[in-house]
Each structure stands twice: as C-alpha cells, then as structure tokens.
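Asker: Have a look at this fold, sequence not included:
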C-alpha cells in the first residue's frame, strides 16, 4: 500500500475508533513525557521510558486488529499487552539505549562547530532507526509466533524492498508527532501516536491479511 493511501485510511480509522485508541495513546504518551521530564531532575529516571515498550506493543496490537478486522474494542489493548509485553520491554530497552547513545553523540558533536554535520547525521540515523522500529513492532505484533530475531529480519526485508515509501511514511508520521508535541503536547498525548501505529499497520500488512 502506498504511504498516501495508508495515511488516508488511518485518518478514517482514527475518526471511527478514536475513543478506543485514545486511552492507550494517553498512557503511552504520559509514560514518555513523564520519563523525559523526570530525567531532567534525575537522569537515571529516564529508564522509566522502557515501560513505554509494552504500551507501544499494546497500541500496535490494537492497530493491527483494527486494520485486519475493521473492528476494535478496548479489551484488544489489554490482550495486546498480555501477549506482547516481553517483546515490548525488549524493544523499549533497545530504544532507550539508542536514544541515550544518540543524545551523548549529539551533545559531543555540537560542542564544536566542526561537529554539527556529524550531529545532523546522527539525528538522521536515529530517525531512520525509529521508522524501522515502528515497522518491526508492527511485524512482531502481527505474528506473535515469530521470534524477535525473525521479526527483525522480516522488517528489514520489508524496508529494503520499499526504502523510498518507508522513508516517506516515516517522515510524515515524524512530522505529525512533532506537531502534536508543539501544539501544547495534548495531541501527542491523545491521538498522534495511535494514528502513527494505525498508518504503519496499513502500510505493512499485506491485503490478504485483512478480513474485511
């Protein structure tokens, strides 16, 4: 599916199912924001961001269920948390480690004017890995039987087959979430994360995986 089509379908899905997706989006956004704010005072509290992993997996499960069946209930999020919390923790820990390393690298490079190009490259790579992480989470959730290593391989193959389209939808969703944060954070806490996962599910899942 094309990025434009996936983004358009996600808008319709969010409109019809917002009240089912907003609670999970709110929990995930609250954990991320709280971890970021708490880490300003005590850097070690950034580790709380790992807890966002299982919630992201629950939101991805809800999105995959919605795209496959056209139906969604709040219990689907709980089912996703129960099924995928281990993978979620692993992905959350990997994401936190990547974020910390990227933060250290950007801080180091920006201390000198000559390092700014390297800082930009670092942020670009982080954005690419973030896009890959969204695809990986969706692939892992879509087939819980897959070991995480196999899911990582399948996600990499999918990205490699459609690099331009994957980059396009990833950058579009990055802008959506940045806009949600800029708009007093509330859209980020309520809808933009859910919209992102639904759009990625439309983009990743093959047509034959949909029951409607």
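Answerer: Sure thing, it's come through. This structure is a prediction, so every number in the text was calculated from the model and none was measured.

Asker: name the helices or strands packed onto the helix or strand bottoming out on mean pLDDT in the chain?
Answerer: Scoring the helices and strands of the chain by mean pLDDT, DSSP states H and E places helix 186-187 at the bottom, with a mean of 84. Contact analysis of helix 186-187 by 3 or more C-beta pairs under 8 Å, 6 or more residues apart in numbering; DSSP states H and E lists helix 163-182 as its packing neighbours. (Each C-beta comes from the backbone N, C-alpha and C, glycine too.)

Asker: tilt between the longest helix seen in the chain and helix 163-182?
Answerer: Longest helix of the chain, by residue count under DSSP state H: helix 3-41. Interaxial angle, helix 3-41 versus helix 163-182 (axes from the mean of the first three to the mean of the last three C-alpha atoms, to 10 degrees): 50 degrees.

Asker: Downstream of helix 3-41, the next helix or strand is which one?
Answerer: Sequence order places helix 52-69 as the next helix or strand after helix 3-41, per DSSP states H and E.

Asker: what does the least confident helix or strand of the chain contact?
Answerer: 179, 180 (C-beta atoms under 8 Å, 6 or more residues apart in numbering).

Asker: Give me the distance from that helix to the chain's centre.
Answerer: Centre-to-centre, helix 186-187 and its host chain are 16 Å apart (C-alpha atoms, centre = their mean, to the nearest Å).

Asker: same question, stretch 76-87
Answerer: 15 Å.

Asker: Show me which positions of it end up buried.
Answerer: 76, 77, 80, 81, 84, 85, 87 (16 or more other C-beta atoms under 10 Å).

Asker: nearest to residue 103, of the residues you listed?
Answerer: Nearest to residue 103 among the buried residues of stretch 76-87, counting by C-beta to C-beta, is residue 87 at 24.3 Å.
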